[in-house]
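A.B. asks: predicted model, plus sequence, below.
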Amino acid sequence: MTSLLLLFLSASPLLHSHLFTHAASTSPPATRPRIIFMTGLSSDDNYDDDYVDEETHSPPTEVLESVKTTLLRQNPQFCHYNPCLENQEPCDQISARTGCLCPGVSRADVPPHAPRIQQLLPISEGDDRGKVEVQWCAPSSVVSRYRVVIEGSETLEFQDVSRRGLVESLEVGTKVCVEAVNSAGHSSPSDFSCMRYAPPESSDHKLFALVIGGGVALLLLLIMAGVIVWKYQMRKKAKRDSADGLGNPSYSREGTL
């Protein structure tokens, strides 16, 4: 009896198909494994970047970090370096320590650019009274020392970290130039590296000029007042003389006619 039943089941394709469908519907769904795409083996850190989740179809959050880094690199920070201040830390050392950017500097095997002279300031107090302080700003070049060239006089040298130097008293109109020097040569004079000495007027000179001007103005006022009084007296005398001459003609001091 059992053998007949097995034979019937195997011979019936319709029943076999129904049983297979029922078994497939009652079995748990298969879980799809995650797929990892490997595009290169140059770095172990690239595995997470190459993985794509099939359910969300979106890259992982590490991509956002890389975008943030790229945006930060597009906004560089310049170094806090003032070429007009002396005894500063060199800009290349500041850049190596903080990662900031320095202005472009010419090579050491070419002559430096000309420095920019700021002012010629006379010294009026202290032990250096009567001398003149020359102030300048460094160029964007490699500099080993500076030279202050005075027209018709001596040339003074200063260190590469210096931005000012004292010279002897100068006459008005004297031309002063600042040159930068390195192993390849020195800078050429230019309109912004040279200046003629024109000392500003001191407060004592201004006060003296005010006193002189006030005295001259007072003297002019006194002269004008004297002229006005003199004219007034002359007119008054002329009126008195004319009044005496127009009296009674029949009267005279000797008696009546």
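C.D. replies: Looks like it came in fine.
A.B. asks: which residues touch the nearest residue to Glu168 once chain neighbours are set aside?
C.D. replies: Leaving out its chain neighbours, the residue that sits closest to Glu168 by Cβ to Cβ, 6 or more residues apart in numbering is Lys131, at 6.1 Å. C-betas here are computed from N, CA, C, even on glycine. Contact analysis of Lys131 by Cβ atoms under 8 Å, 6 or more residues apart in numbering lists Pro122, Ile123, Leu166, Val167, Glu168, Ser169.
A.B. asks: cutoff 10 Å now
C.D. replies: The contact partners of Lys131, taken as Cβ atoms under 10 Å, 6 or more residues apart in numbering, are Leu121, Pro122, Ile123, Ser124, Leu166, Val167, Glu168, Ser169, Leu170.
A.B. asks: one more: Ser183?
C.D. replies: Applying Cβ under 10 Å, 6+ apart, we find Ser183 in contact with Ala108, Asp109, Pro111, Val142, Ser144.
A.B. asks: biggest separation within those, which pair?
C.D. replies: Asp109 and Ser144 (12.6 Å; Cβ to Cβ).
A.B. asks: domain ranges for the chain?
C.D. replies: 33-75, 116-196 (automatic domain parsing).
A.B. asks: worst mean pLDDT among these?
C.D. replies: Among the domains of the chain, domain 33-75 has the lowest mean pLDDT, at a mean of 47.
A.B. asks: name the element Asp128 belongs to?
C.D. replies: Taking DSSP states H and E as the definition, Asp128 sits outside all helices and strands.
A.B. asks: touching, it and Leu166? I think so.
C.D. replies: Yes - using Cβ atoms under 10 Å, Asp128 and Leu166 qualify as a contacting pair, with a distance of 5.9 Å.
A.B. asks: report pLDDT for Pro199.
C.D. replies: Reported pLDDT for Pro199: 86.
A.B. asks: all further residue positions should be reported with the first residue as 32.
C.D. replies: With the count now opening at 32, the last piece we talked about shows up as Pro230.
A.B. asks: what is the neighbour count of it?
C.D. replies: By other Cβ atoms under 10 Å, 15 other residues sit near Pro230.
A.B. asks: contacting residues for the closest residue to it other than its chain neighbours?
C.D. replies: Leaving aside its chain neighbours, Pro230 sits nearest to Pro153 (5.0 Å; criterion: Cβ to Cβ, 6+ apart). For Pro153, the contact set (Cβ under 10 Å, 6+ apart) comprises Asp159, Arg160, Gly161, Lys162, Val163, Glu164, Ser200, Leu201, Tyr228, Pro230, Pro231, Ser233.
A.B. asks: next: Val136.
C.D. replies: With contact set as Cβ under 10 Å, 6+ apart, Val136 has these partners: Cys122, Asp123, Pro143, His144, Pro170, Ser171, Ser172, Val173, Val174.
A.B. asks: count of residues packed around the first one?
C.D. replies: Taking other Cβ under 10 Å as the neighbour definition, Cys122 ends up with a count of 21.
A.B. asks: thought it was touching Leu116?
C.D. replies: No - if you go by Cβ under 10 Å, Cys122 and Leu116 don't touch, sitting 11.7 Å apart.
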